[in-house]
Each structure stands twice: as C-alpha cells, then as structure tokens.
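**Q** pasting the sequence and the predicted coordinates here, then a few questions.
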Amino acid sequence: EFDKKAMQQRALSCAGISSVCAAAAALLTQPMDVVKTRMQIHSVITSGKSGYKYYKVPRFWRTLREMISTAGWRSLWVGSTARVLTMATSGLLLGPLFEYAHLVSTDAPRPLRQRLVLGEDPGRTIVHPRSTRDMFIDVKT
C-alpha cells in the first residue's frame with residue numbers, strides 16, 4: 001500500500017545517505033583525480049633548444065613524486081572542498097531518483113487492468129457506467 005508520509009521520509013533519508021556517500025567517495029578519490037589531471041595536462045612537452053613538441057608518456061609514480069617534491073602532500077588535496085561540495089549536492093538528487101526508479105521497476109510487472117472475461121451470451125454483460133452510451137442495457141417487456 002502507498003503511504004505518502006513514509007515515502008517522503010524515505011526520499012529524505014535516501015537524499016541524505018546518498019549525499020554523504022558521494023561526499024566521502026569524492027574525498028577518498030581526490031588524490032588520484034589530482035594526479036590523473038596532472039598527467040593529462042603534462043603529456044605534451046616542448047623541447048628547450050629545438051622548439052619542437054614531443055610526446056612524453058606521463059607515468060603515475062613519476063608524476064606523484066614530482067607533485068610531492070614541489071608542493072608537498074598538500075598538493076594532493078587541492079580543490080577538494082569544491083569537489084566534495086559538488087558531489088554532495090549531486091548526491092542529494094541521486095538518492096530520491098534511485099528510490100523512484102526502484103518504485104517504478106517493482107511496479108512494472110503488475111497488470112494495469114483486470115481481464116474482462118465475457119460469458120456465453122455477451123448481451124447479458126453489464127458495461128461500465130462511464131461508457132459513451134447509456135448503460136447498453138436493453139429492457140425487454
């Protein structure tokens with residue numbers, strides 16, 4: 001049975017839980033994201049003497065060592081506040097969305113209408129009162 005108050009409470013709890021989980025995931029994966037972004041930025045290197053561009057494949061451990069040696073361990077957490085807040089906000093939308101999708105998916109196998117089984121004589125079947133004509137009942141005297 002559908003309980004509107006319970007659905008509102010479940011949607012709010014799903015929003016809160018998904019927001020906290022998204023913020024925690026963003027905080028835990030921040031160092032890897034910073035290193036990955038740094039690797040993407042520094043893939044093209046210009047030679048000093050000749051001026052030609054050559055491609056050097058950035059490696060994870062080398063990039064991590066360079067970042068730690070230049071700015072320390074704090075360089076891995078640059079921009080973490082904005083990323084955590086963005087993910088927490090998006091988590092507020094995803095929790096209720098997944099809850100609604102769950103309701104729709106569990107309701108899908110239920111039939112929308114009952115089948116109408118006609119008897120042997122269809123003339124004796126009473127039709128729904130909101131049909132287009134007046135009741136389809138013939139009174140025989």
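**A** Alright, I've got the coordinates.
**Q** do a quick rundown of the helices in the protein.
**A** Ranges of helices in the chain, per DSSP state H, are 4-41, 60-71, 80-107.
**Q** where does this structure dip in pLDDT?
**A** 1-3, 43-48, 53-54, 108-114, 116-141 (pLDDT under 70).
**Q** could you rerun that using 80?
**A** In the predicted model of the chain, residues 1-9, 11, 42-57, 102-141 satisfy pLDDT under 80.
**Q** between the helices of the chain, which one is closest to residue 51.
**A** helix 4-41 (20.1 Å; C-beta to C-beta). Where you see a C-beta, it was placed from the backbone N, CA and C, and this is true even at glycine.
**Q** that closest one vs helix 60-71, what angle?
**A** Interaxial angle, helix 4-41 versus helix 60-71 (axes from the mean of the first three to the mean of the last three C-alpha atoms, to 10 degrees): 90 degrees.
**Q** tell me the buried residues in helix 4-41?
**A** Under the neighbour-count criterion of 16 or more other C-beta atoms under 10 Å, helix 4-41 has 14-15, 18-19, 22-23, 26-27, 30-31, 34-35, 38-39 buried.
**Q** likewise stretch 70-88?
**A** Buried residues in stretch 70-88, counted by 16+ other C-beta under 10 Å: 75, 76, 78, 83, 84, 87, 88.
**Q** about what we covered before: out of the helices of the chain, the one nearest residue 49 is which?
**A** Taking these one by one with C-beta to C-beta, helix 60-71 is closest: 21.9 Å.
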